[in-house]
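> when you get a sec, could you give me coordinates for this:
(3 chains)
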Amino acid sequence: MAEYRLDCLGEACPVPLLKTQKKIEGLKVGDVLIVEIDHSCAMKNVPEWARKVGYNVDIEEVEEGQWDVYIEKTK
Amino acid sequence: MTKLTEHPFFKKVIKDAWSYWTGAMLLAVLNVSLLVVSGKPWGITGAFANWGSWIYRLLGGHPENWTYYAPGSSNAKDLLEQSFLTNNLSVQDIGIIFGALLAVLLASQFKIKKIKSWKQVVAAILGGLLMGYGARLAFGCNIGALFSGIASMSLHGWVFAVFIFLGAIAGSKLLVKYFMT
Amino acid sequence: MDIKKKAPKKKRNQLPAGIVLLVLIIIAGILFSGVSPMLAIFWMFGIAFGFVLQKSRFCFTASMRDPALTGSTSLTRAVIVAFAVATVGFGAVQFSAHLKGVPIPGNIFPVGIHTALGAFMFGIGMVISGGCASGTLMRVGEGFIQQWISIVFFVIGSVWAAKDFGWWTDNVISKFSISDGVLKNAVYLPNVFGWAGAFFGQLVVLGILFIIAEWFEYRKLNLTQEVSENKSIGARQGGI
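Next up, the predicted model:
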């Protein structure tokens, strides 16, 4: 069960989601991707997409206006 | 202070993000209310032309000679008699900026997002110019033409909808090809 | 998920700054009302719009862009809902004006090639710059420097078009616009379909678009799931 970090700080919407979708494709089931986001729209649309597809998602606000989105590739 | 920020009401209304549907309903209700109270629906970009023209006048230009500001038109009245802090739409647009700032500060989520790549600068310049020019041609933006135009049952709103959608598809292709960071 | 999370940095509380800003906003409102009550009303509406947009992360740009780019239509559907609710409200206001015999309020503007061209340009611009008109203003307030740049050129583009507007009026708008028989170069749908036809017809069209958006996302996500499931199986069996 590997852990990967994806730095999306400073990216404009929709780049964080696009990068997340691409990165997750290459991971194995059970891996966890941690996406670093500071875009208010992305902290909503990245978890929303991941949950719709069926992954486990957790969000942690690490700083003012900055979040870590934990996505576990469950299938 | 910690007790307040832990309170469920504070968390739900001030701290957490609201659902898209909540936003949709509130924006629609606000738009209708603005129509009732002011006689005009919500719009944004009308003020941008004035902002530019007021600055252009300060720099010695004469926008009052343009057709857009033809004598007797409401545009001319705004241009010649008002300014940034005395024009209704201008003040509303400034209000939108501060309303958003208020929301992030109360939630302790304010952060300056710096430029990551020169591609973002080029995209901002090109995108801003296209939006500014396009909105004048179409008599409005995503709010004045799309949102308020459709709500007003005007065909221009629907035509705008079709073509802004096509433009967004074209823009997406350009974004991925040239502006991905 | 039992993951060791990064220890969060000490977070600064911005609530006091927010309260100070709220007080300043109210004071500004009082000052504006001294110029005219309507000015203060527009100020408060602006504050309300900005607040709601930010809190709900409402993005018209994403509503148009995401179906093609990420497969999501949640904002698309929310925007359709906003249109439907506003249609009902506007319809009531307009019909009441019609009954009273006063001019009908609303944004009813010339429609023609210029509309298509302007909207297309706007669509491209909003996606590449990362925000439409409302989105750009919202993000200026949120601290996105890219939008600080975007708004400057948004204004330049606007005044440039204002300067050219005479040309467009003479050569395009007056020549290639559509009329509904009542208005010179605009089309007010009730003039074409009658009040009931236009009002209910519009709500039906919005309903159909909503269902299409719902179906579109369902198809897109099921397809992506199959692709990613096959890739996972492939990865587990030895290759990545």
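
> isn't C:L15 right up against B:Q109?
No - using CB atoms under 8 Å, C:L15 makes no contact with B:Q109, being 10.9 Å away. Every residue, glycine included, has its C-beta placed from N, CA and C.

> so between those two, which is more surrounded?
It is B:Q109, of C:L15 and B:Q109, that has more neighbours when counted by other CB atoms under 10 Å in any protein chain shown, with 23 against 18.

> how about the nearest residue to that one, chain neighbours excluded?
Computed as CB to CB, 6 or more residues apart in numbering or on different chains, the closest residue to B:Q109 that is not its neighbour in sequence is A:G65, at 4.5 Å.

> just give the number of residues close to the one you found.
22.

> show me what contacts it?
Going by CB atoms under 8 Å, 6 or more residues apart in numbering or on different chains, A:G65 touches A:D38, A:S40, B:V104, B:Q109, B:F110, B:K111, B:K113, C:E142, C:G143.

> and the residue nearest the centre of chain B, how far is that from C:I19?
Note on chain B: the residue nearest the mean C-alpha position is B:I44, at 4.5 Å, using CA atoms, centre = their mean. As judged by CB to CB, to the nearest Å, B:I44 and C:I19 stand 28 Å apart.

> what does B:A145 give?
B:A145 is 37 Å from C:I19, by CB to CB.

> of the two, who's got more company?
Using other CB under 10 Å as the criterion, B:A145 and C:I19 rank with B:A145 on top: 34 against 13.

> and the helices in the chain, which stretches?
No chain was given, so I picked chain A. Taking DSSP state H as the criterion, chain A contains helices spanning A:15-25, A:42-53.

> the intended chain is chain B.
B:2-6, B:8-10, B:20-38, B:46-58, B:74-81, B:88-106, B:118-137, B:148-151, B:155-174.

> with just CA atoms, put the lowest-mean-pLDDT helix or strand in chain B into PDB.
None of the helices or strands of chain B scores lower by mean pLDDT, DSSP states H and E than helix B:2-6, at a mean of 70. Output of helix B:2-6 as PDB, limited to C-alpha atoms (Å, rounded to 0.1, in the frame of the first residue of the first chain):
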ATOM      1  CA  THR B   2     -12.500  28.600  20.000                       C
ATOM      2  CA  LYS B   3     -15.900  27.900  21.400                       C
ATOM      3  CA  LEU B   4     -17.500  30.000  18.700                       C
ATOM      4  CA  THR B   5     -15.700  28.300  15.900                       C
ATOM      5  CA  GLU B   6     -16.700  24.900  17.200                       C
END
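
> tell me which residues touch B:A135, please.
B:A135 neighbours (CB under 8 Å, 6+ apart): B:T45, B:F48, B:C141, B:G144, B:A145, C:G118, C:F122, C:A133, C:S158, C:A161.

> ok, it to C:T136 distance?
Separation of B:A135 from C:T136 (CB to CB): 11 Å.

> again, but for A:V69
Distance, A:V69 to C:T136, using CB to CB: 25 Å.

> right, and B:K111 touches A:E64 too?
Yes - when contacts are counted by CB under 8 Å, B:K111 is listed as touching A:E64 (5.5 Å).

> what does chain B have sitting close to chain A?
Counting by CB under 8 Å from any CB of the partner chain, chain B comes close to chain A at B:17, B:104, B:108-111, B:113-116, B:120, B:123, B:176, B:180-181.

> now, the most widely separated pair of those residues?
Spatially, the most separated pair among these is B:S108 and B:V176, at 33.8 Å (CB to CB).

> shaky segments in chain B?
B:1-2 (pLDDT under 70).

> what residue in it is the furthest from its centre?
Outermost residue of chain B (CA atoms, centre = their mean): B:K3, 36.3 Å.

> please identify the helix or strand for C:S158.
Element membership of C:S158 [criterion: DSSP states H and E] is helix C:145-168.

> hmm, that helix in reach of chain A?
Yes - under the criterion of CB under 8 Å from any CB, helix C:145-168 makes contact with chain A via C:Q146.

> give the other helices and strands that that helix contacts.
helix B:46-58, helix B:118-137, helix C:113-129, helix C:133-142 (3 or more CB pairs under 8 Å, 6 or more residues apart in numbering or on different chains; DSSP states H and E).

> recalculate using a threshold of 10 Å.
On a contact count with 3 or more CB pairs under 10 Å, 6 or more residues apart in numbering or on different chains; DSSP states H and E, helix C:145-168 meets helix B:46-58, helix B:74-81, helix B:88-106, helix B:118-137, helix C:113-129, helix C:133-142.

> ok so, going back, hmm, who's touching the least confident helix or strand of chain B?
Applying CB atoms under 10 Å, 6 or more residues apart in numbering or on different chains, the contact partners of helix B:2-6 are B:F10, B:K11, B:I14, B:K15, B:L106, B:A107, B:S108, C:N13, C:L15.

> so the fourth one sits against A:E61, correct?
Yes - the pair B:K15 and A:E61 qualifies as a contact (CB atoms under 10 Å) at a distance of 9.4 Å.

> what touches both of these two?
B:A107, B:S108, B:Q109.

> show me the contacts for the closest residue to chain A within chain C.
Ranked by CB to the nearest CB, the top residue of chain C for proximity to chain A is C:G130, at 3.7 Å. C:G130 sits next to A:11-15, A:39, A:41, B:120, B:123-124, B:127, B:175, B:179, C:59, C:61-62, C:136, C:139, C:144, C:146-147, C:150 when contact means CB under 10 Å, 6+ apart.

> got TSV for the helices and strands packed on helix C:145-168, with distance to C:S36 too?
Shown next, in TSV, are these (distance: least, CB to CB, whole Å):
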stretch	distance to C:S36
helix B:46-58	16
helix B:74-81	12
helix B:88-106	8
helix B:118-137	26
helix C:113-129	31
helix C:133-142	22
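
> right, so of these, which gets closest to B:W158?
helix C:113-129 (9.5 Å).

> could you give the angle of the closest one to helix C:145-168?
170 degrees (axes from the mean of the first three to the mean of the last three CA atoms, to 10 degrees).

> between helix C:133-142 and helix C:113-129, find me the angle.
Angle between the axes of helix C:113-129 and helix C:133-142 is 30 degrees (criterion: the same axes, to 10 degrees).

> which strands and helices sit next to helix C:113-129?
Secondary-structure packing of helix C:113-129 (3+ CB pairs under 10 Å, 6+ apart): helix B:118-137, helix B:155-174, helix C:60-69, helix C:133-142, helix C:145-168.

> who's the residue nearest the centre of chain A bridged to?
By CA atoms, centre = their mean, chain A has its centre lying nearest to A:V35, at 3.9 Å. Beta bridges link A:V35 to A:L6, A:V69, judged by DSSP bridges.

> hang on, it packs against A:T20?
Yes - proximity of A:V35 to A:T20 meets the contact threshold set by CB under 10 Å, at 5.3 Å.

> mutual contacts of those two, please.
Counting by CB under 10 Å, 6+ apart, the shared contacts of A:V35 and A:T20 are A:L6, A:C8, A:A42, A:V46, A:P47, A:A50, A:V69, A:I71.

> check contacts around the third one.
Right, the one you point to is A:A42. By CB under 10 Å, 6+ apart, the contact list for A:A42 reads A:8, A:11-17, A:19-20, A:35, A:67, A:69, C:57.

> any idea which of the residues you listed has the most stuff around it?
Within the contacts of A:A42, most neighbours by other CB under 10 Å means A:A12, with 30 neighbours.

> for it, which non-adjacent residue is closest in space?
Using CB to CB, 6+ apart, the closest residue to A:A12 is C:G130 (3.7 Å).

> how about B:A103?
B:A103's closest residue in space is C:Q54 (CB to CB, 6+ apart), at 4.0 Å.

> B:S33 too?
Excluding the flanking residues, the one nearest B:S33 by CB to CB, 6+ apart is C:F45, at 7.7 Å.

> if anything else comes up later, I'll come back, but that's it for now.
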